[in-house]
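>>> Quick check, what structure comes out for this input:
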Amino acid sequence: MSKNTVDVVLIGGGVMSATLGTLIKQVQPDWSIEIFESRNQVATESTNAWNNAGTGHAALCELNYMPEGKNGELSADKAIDINEQFQLSREWWSSLVEQGTLGEPTSFINPTPHMTFVRGEENVDYLRRRYELLKTQPLFSNIEFSDDPAVVAEWAPLLIDRRDKSEAIAATRSVSGTDVDFGSVTRQLFDKLVENGAAMHMGHRVRKLKRRKDGTWDVFARNLNGHGRTITNARFVFVGGGGGALQLLQSSGIPEIKGFGGFPISGKFLKTSNPEIVKHHNAKVYGKAAVGAPPMSVPHLDTRIIDGEESLLFGPYAGFSPNFLKKGSWWDLPGSIRLHNLGPMIKVGLTQWSLEKYLLTELLASREKQMNTLREYMPTARTADWEMITAGQRVQVMKKDPVKGGILQFGTEVITGGEGSISGLLGASPGASTAVSAMLGVLEKCFPEQYQQSWKAQFKKQIPSIGEDLNADADAAAASLARTAAALNLTA
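Numbering: from 1, shown residues only. This next block holds a predicted model:
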């Protein structure tokens with residue numbers, strides 16, 4: 001065994017660790033950083049471009065960020081919050097491109113319109129009301145609406161070709177949308193971190209975290225490429241291991257993790273790279289989840305640009321595996337059960353009938369039924385043109401609730417303990433799109449004095465919208481969008 005002391009240990013080679021490590025190096029270049037990744041490459045799980053839709057979640061097209069209330073009322077609050085968080089990412093990436101930390105913008109982000117497409121009179125009415133509300137918001141001011149099939153066909157011809165002309169349809173479009181390769185972002189950030197002195201340990205799986213009396217942490221890791229074991233002592237630990245974060249936080253013994261559980265769901269997508277199909281679609285088109293289906297089931301037909309190649313993805317289709325990581329273990333789910341989270345997990349199991357029905361239906365769906373779901377959005381889809389690929393594992397957060405006993409949370413949750421000496425991230429979407437906002441939050445909570453006294457001012461030079469209600473200031477919102485669009489080559 002070897003033992004050494006460092007300032008920061010980052011567990012997991014995904015976008016969260018890469019973002020946090022880069023932010024720390026920008027304000028504390030003298031701090032030592034060590035990164036542990038169980039695979040022999042970074043960005044292989046949910047951060048990998050083929051394991052997510054790369055939407056760059058900005059609530060421009062995702063209806064689950066703006067659901068109808070019991071009486072049909074709509075609120076734009078959550079949509080605005082998500083969009084403002086994504087603008088922080090855009091501003092930070094822009095500064096990194098200017099500094100040379102990130103390379104040519106097209107290597108990780110490309111302009112791709114975001115659309116919403118609905119069918120049926122009730123859904124058309126909902127989408128129109130959503131549009132009327134959003135168009136008054138500065139960050140959504142360029143949103144367009146149409147219920148004219150001819151106009152929608154100009155935006156996305158595959159949606160209309162051979163569709164029944166009597167069907168009521170409508171769509172919105174935001175040309176400021178993007179397609180983001182978060183895997184590329186992550187690899188570039190880690191490359192620069194290593195160049196600036198960070199130590200990267202590939203093929204090392206962290207097994208346990210133990211706090212010393214002096215408040216520092218011993219990080220126990222196993223070398224999967226050999227037979228060695230290491231103990232690294234760290235003043236601060238971030239657990240960004242995706243689905244693996246829950247069990248590591250449990251091993252730490254911090255009381256803040258009590259009551260938390262995880263429910264894994266496999267994601268699958270239909271993919272085509274047929275150039276004759278791809279050339280007729282340049283958008284990310286989100287629909288509306290079926291009645292009773294969970295938010296994660298929202299269907300979408302996405303343009304993807306990965307390594308310079310354009311493809312289309314449609315999904316998601318759900319599957320089930322007890323693995324918490326795509327390359328994890330069947331023991332992950334049962335191994336995460338503790339006395340303190342058993343009650344909330346049972347309560348969720350007894351109340352989430354719609355999710356359980358959805359998963360069972362997905363598991364039993366035939367190939368033809370899967371294709372018919374695609375044909376609801378692309379009537380001309382041929383089975384021979386599409387292949388099914390398995391995306392990343394999502395581990396939805398289950399946690400205690402004082403009223404319901406246990407709830408299933410469709411989002412992300414940052415857990416912090418040990419007087420700010422350890423932090424980790426649980427959950428799924430919007431995830432990577434809001435990594436900058438989430439990691440700034442980690443720094444503010446774990447290092448409050450440094451953050452307020454000096455770090456925030458340094459970050460604000462790169463990310464002007466930090467701490468600002470960007471959507472409340474039309475001029476500031478327009479300036480941020482224009483500035484980042486120019487820096488990231490997103491202008492038409």
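
>>> hey, let's count contacts and neighbours off CA atoms from now on
Fine.

>>> Which positions within the helix or strand of the chain with the lowest mean pLDDT qualify as buried?
Least confident helix or strand of the chain, by mean pLDDT, DSSP states H and E, is helix 353-364 with a mean of 82. Buried residues in helix 353-364, counted by 16 or more other Cα atoms under 10 Å: 355, 358-359, 362.

>>> Nearest to I407 among those?
L355 (12.5 Å; Cα to Cα).

>>> Can you tell me which of the buried residues of helix 353-364 comes closest to A477?
L355 (37.6 Å).

>>> how near is the closest one to G267?
Using Cα to Cα, to the nearest Å, L355 is found at 14 Å from G267.

>>> Show me the shaky parts of this structure.
1-3, 291-296, 428-430, 492 (pLDDT under 70).

>>> Pretty sure P111 sits against G177.
Yes. Using Cα atoms under 8 Å, P111 is in contact with G177, at 6.1 Å.

>>> Tell me which of these two has more neighbours.
Taking neighbours as other Cα atoms under 10 Å, P111 and G177 compare with G177 leading, 23 against 20.

>>> Quick one: residues contacting the more buried one.
56, 58, 60, 111-114 (Cα atoms under 8 Å, 6 or more residues apart in numbering).

>>> Tell me the one among those nearest to P402.
When the contacts of G177 are compared against P402 (criterion: Cα to Cα), the nearest one is A58, at 31.3 Å.

>>> The residue lying closest to the closest one once chain neighbours are set aside: neighbour count?
Leaving aside its sequence neighbours, A58 sits nearest to N83 (Cα to Cα, 6 or more residues apart in numbering; 4.2 Å). N83 has 22 neighbours, counted by other Cα under 10 Å.

>>> Roughly how far does N83 sit from S17?
22 Å.

>>> Also I265?
Counting by Cα to Cα, the gap from I265 to S17 is 23 Å.

>>> These two - which one has more neighbours?
Legend: neighbour count by other Cα under 10 Å for I265 and S17, higher for S17 (27 against 21).

>>> tell me the secondary structure for the more buried one?
Assigned with DSSP: H, G, I helix; E, B strand; the rest coil, S17 falls in the helix class.

>>> Could you verify my assumption that it touches L23?
No. S17 is beyond contact range of L23, at 9.9 Å (criterion: Cα under 8 Å).

>>> The residue nearest the centre of the chain: what's it in contact with?
Centroid-nearest residue in the chain, with Cα atoms, centre = their mean: G431, separated by 2.6 Å. Contact analysis of G431 by Cα under 8 Å, 6+ apart lists 411-412.

>>> what about Y131, helix or strand, and which?
helix 121-134 (DSSP states H and E).

>>> Buried residues in that helix, which are they?
For helix 121-134, by 16+ other Cα under 10 Å, it's 123-124, 126-128, 130-131, 134.

>>> Longest strand in this structure, please.
strand 387-401 (DSSP state E).

>>> Buried residues of it, list them for me.
Quick answer for strand 387-401 (16+ other Cα under 10 Å): 388, 390-400.

>>> Save those residues as CSV, and put in distance to F324 too.
Output for the buried residues of strand 387-401, formatted as CSV (distance: Cα to Cα, whole Å):
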residue, distance to F324
M388, 21
T390, 14
A391, 13
G392, 10
Q393, 6
R394, 7
V395, 6
Q396, 10
V397, 12
M398, 14
K399, 16
K400, 20
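
>>> just the residues you listed now: which is nearest S46?
Of the buried residues of strand 387-401, the one sitting nearest to S46 (Cα to Cα) turns out to be G392, at 4.8 Å.

>>> And the longest strand of the chain, what does it pack against?
Contact analysis of strand 387-401 by 3 or more Cα pairs under 8 Å, 6 or more residues apart in numbering; DSSP states H and E lists strand 261-272, helix 339-351, strand 405-409, strand 422-427 as its packing neighbours.

>>> Neighbouring strands of it in the sheet, and parallel or not?
strand 261-272 (antiparallel), strand 405-409 (antiparallel) (DSSP bridges).

>>> Please render the buried residues of helix 353-364 as a markdown table that adds distance to T380 to the earlier fields.
Shown next, in a markdown table, are the buried residues of helix 353-364 (distance: Cα to Cα, whole Å):
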| residue | distance to T380 |
| --- | --- |
| L355 | 30 |
| Y358 | 26 |
| L359 | 27 |
| E362 | 22 |
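
>>> Would you point out the most distant pair within the residues you listed?
Checking these with Cα to Cα, the most distant pair is L355 and E362, at 10.5 Å.

>>> Extract the C-alpha trace of whichever helix in the chain runs longest and format it as CSV.
Ranked by residue count, the top helix of the chain under DSSP state H comes out as helix 77-99. Extracted in CSV, the C-alpha atoms of helix 77-99 (Å, rounded to 0.1, in the frame of the first residue of the first chain):
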residue,chain,number,x,y,z
ASP,A,77,-40.3,29.2,-12.9
LYS,A,78,-38.6,25.8,-13.2
ALA,A,79,-38.0,26.3,-17.0
ILE,A,80,-36.4,29.6,-16.3
ASP,A,81,-34.2,28.2,-13.5
ILE,A,82,-32.9,25.3,-15.7
ASN,A,83,-32.2,27.8,-18.5
GLU,A,84,-30.3,30.1,-16.3
GLN,A,85,-28.2,27.3,-15.0
PHE,A,86,-27.3,26.2,-18.6
GLN,A,87,-26.4,29.8,-19.4
LEU,A,88,-23.7,29.6,-16.7
SER,A,89,-22.3,26.6,-18.5
ARG,A,90,-22.3,28.4,-21.8
GLU,A,91,-20.5,31.4,-20.2
TRP,A,92,-17.9,29.3,-18.6
TRP,A,93,-17.2,27.2,-21.7
SER,A,94,-16.9,30.5,-23.7
SER,A,95,-14.2,31.7,-21.3
LEU,A,96,-12.4,28.3,-21.5
VAL,A,97,-12.4,28.5,-25.3
GLU,A,98,-10.9,31.9,-25.2
GLN,A,99,-8.2,30.7,-22.7
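
>>> which residues sit against it?
With Cα under 8 Å, 6+ apart as the test, helix 77-99 has contacts from 56-60, 65-66, 102-105, 139, 433-437, 462-466, 469-471, 480-481, 484, 487-488.

>>> buried set for that helix?
79-96.

>>> How much space separates S141 from S454?
Distance from S141 to S454, by Cα to Cα: 35 Å.

>>> quick one: which of these two has more around it?
S141 (15 against 11).
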